[in-house]
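**Student:** Whatever this is, show me its structure:
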Amino acid sequence: MLLVGCGGAANSQSALSGRLRIAGSTALQPLVSAAANLFERQHPQVHIQVDGGGSRAGLAAVTSHQADIGDSDIYADPAIYPDPNLTDHIVCVIPFAMVVNPDVTVTSLTRQQIIDIFSTGRINNWSQVGGPDLPIVPVVRPQTSGTRDTFRKYILGGRDEKGKLLQTDSSVTVRETVAHTPGAVGYLALSVLTPAVRVLAIEGAKPTLANIVAGRYIFWSYEHMYTLGDNNPLLSAFLDFMLSAPVQQEAQRLGYIPIAAMNLNGASASQAVTRSLVAVTMPEPDRVLSPTRKEE
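**Tutor:** The predicted model follows:
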């Protein structure tokens with residue numbers, strides 16, 4: 001009877017079946033796609049569709065029941081998304097980076113210089129910041145982008161952007177546009193970084209865990225997976241899987257920061273957020289969970 005019982009438990013775990021649709025943040029998409037592939041291998045009767053579209057598109061999809069999970073780089077404002085069942089699952093941290101075309105020799109910009117490139121227009125040639133005599137082409141994300149919201153909030157201080165507006169919200173599109181446009185500068189998640197573009201330091205600091213924890217680098221965000229509750233066993237199992245050791249190790253390999261590496265009010269994320277379930281009414285972590293980053 002004991003053997004039967006153990007076999008039954010194993011079969012119950014492997015008997016997961018069904019479909020999930022996940023949409024939203026293109027910054028989080030590489031990790032979610034990798035996790036979905038691993039999960040499907042363990043559970044052959046499961047199919048998980050992972051789409052991009054941007055953080056706001058993900059929030060719209062989950063709140064309109066068009067997706068089971070909405071991936072987002074930003075918090076869902078309760079004034080815009082008032083459903084009390086909307087639940088936030090924090091799965092990792094994503095550092096963002098300023099990137100330039102390989103022809104640009106500049107290695108670091110100050111926040112004010114970035115503001116003058118992307119917002120005021122006072123800096124429009126790389127020679128003004130110690131680079132070549134080459135016009136600057138700022139590449140700007142559309143309004144659906146959570147990366148754009150983070151950039152405007154923490155780097156531009158809430159200012160509007162000016163530049164070459166991308167029509168499609170995709171981190172990969174940013175990378176390819178910057179790589180193939182002389183003088184271009186943009187911003188993207190480390191998860192899609194390749195040698196096709198060069199990373200700029202901000203105020204002399206690169207996007208590393210040490211610099212983020214020390215408060216020297218402020219261009220980063222928590223990555224969220226929003227659901228309307230998690231009563232579905234398949235949905236619940238996949239959310240748990242996102243915090244499992246294999247997925248968090250993959251997160252680190254892809255350029256994310258595992259959530260356990262961040263200090264949440266003196267406790268590890270795994271202690272403070274057991275399954276990363278955070279009520280939507282909780283104050284933004286960059287206000288209360290990060291020991292260093294300040295609101296603008």
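**Student:** quick one: low-confidence parts of this structure?
**Tutor:** The chain contains residues with pLDDT under 70 at 1-14, 168, 263-296.
**Student:** So Gly186 sits against Phe96, correct?
**Tutor:** No - here Gly186 does not reach Phe96: they are 10.4 Å apart, not a contact under C-beta atoms under 8 Å. Where you see a C-beta, it was placed from the backbone N, CA and C, and this is true even at glycine.
**Student:** Strands of the stretch 1-150 of the chain, residue ranges please.
**Tutor:** Secondary structure of the stretch 1-150 of the chain (DSSP state E, counting those that start in this stretch): strands at 18-24, 46-53, 69-72, 86-100, 108-109, 137-140.
**Student:** re the thing from before, who's more crowded, Gly186 and Phe96?
**Tutor:** Gly186 (29 against 26; other C-beta atoms under 10 Å).
**Student:** Not counting residues beside it along the chain, what's closest to the more buried one?
**Tutor:** Val139 (3.5 Å; C-beta to C-beta, 6 or more residues apart in numbering).
**Student:** Repeat that for Ile115.
**Tutor:** Nearest non-adjacent residue to Ile115, counting by C-beta to C-beta, 6+ apart: Leu156, 5.6 Å away.
**Student:** What values do phi and psi take at the one you found?
**Tutor:** Per-residue torsions, Leu156: phi -90, psi 0 (degrees, to the nearest 10).
**Student:** That one: what's it in contact with?
**Tutor:** Shown in contact with Leu156 (C-beta atoms under 8 Å, 6 or more residues apart in numbering): Ile114, Ile115, Phe118, Ser119.
**Student:** doesn't Val139 make contact with Glu161?
**Tutor:** No - in this structure Glu161 lies outside contact range of Val139 using C-beta under 8 Å: 9.9 Å.
**Student:** For this protein, which segments count as helices?
**Tutor:** With helices called from DSSP state H, the chain shows them at 2-14, 29-42, 55-63, 111-115, 146-154, 171-179, 209-213, 233-242, 245-253, 269-272, 285-288.
**Student:** ok, now how distant is Leu228 from Asp83?
**Tutor:** Per C-beta to C-beta, to the nearest Å, Leu228 is found 7 Å from Asp83.
**Student:** Contacts only, for Asp133.
**Tutor:** Asp133 sits next to Asn125, Trp126, Ser127 when contact means C-beta under 8 Å, 6+ apart.
**Student:** Now which of the residues you listed would you call buried?
**Tutor:** Buried residues within those, defined by neighbour count using 16 or more other C-beta atoms under 10 Å: Trp126.
**Student:** From the contacts of Asp133, pick the one nearest Leu193.
**Tutor:** Of all these, Leu193 sits closest to Trp126, with 20.8 Å by C-beta to C-beta.
**Student:** which ones are touching the closest one?
**Tutor:** Shown in contact with Trp126 (C-beta under 8 Å, 6+ apart): Val104, Thr105, Val106, Pro132, Asp133, Leu134, Pro135, Ile136, Gly183.
**Student:** if I pick the fourth one, what's in contact with it?
**Tutor:** Contacts for Pro132 were tallied using C-beta under 8 Å, 6+ apart; they are Asp103, Val104, Thr105, Trp126.
**Student:** Output these as TSV; include the columns distance to Ala205.
**Tutor:** Shown next, in TSV, are those (distance: C-beta to C-beta, whole Å):
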residue	distance to Ala205
Asp103	23
Val104	18
Thr105	19
Trp126	20
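**Student:** The residue nearest to Gly186 reaches Leu188, doesn't it?
**Tutor:** No - with contact defined as C-beta under 8 Å, Val139 does not reach Leu188; the gap is 9.3 Å.
**Student:** Now the common contact residues for the two.
**Tutor:** Joint contacts of Val139 and Leu188 (C-beta under 8 Å, 6+ apart) are Val174.
**Student:** Val62 versus Gly204, what's the distance?
**Tutor:** 39 Å.
**Student:** Apologies, that question was intended for Ile257.
**Tutor:** Distance of Ile257 to Val62, computed by C-beta to C-beta: 24 Å.
**Student:** With Gly24 instead?
**Tutor:** Gly24 sits 8 Å away from Val62, taking C-beta to C-beta as the criterion.
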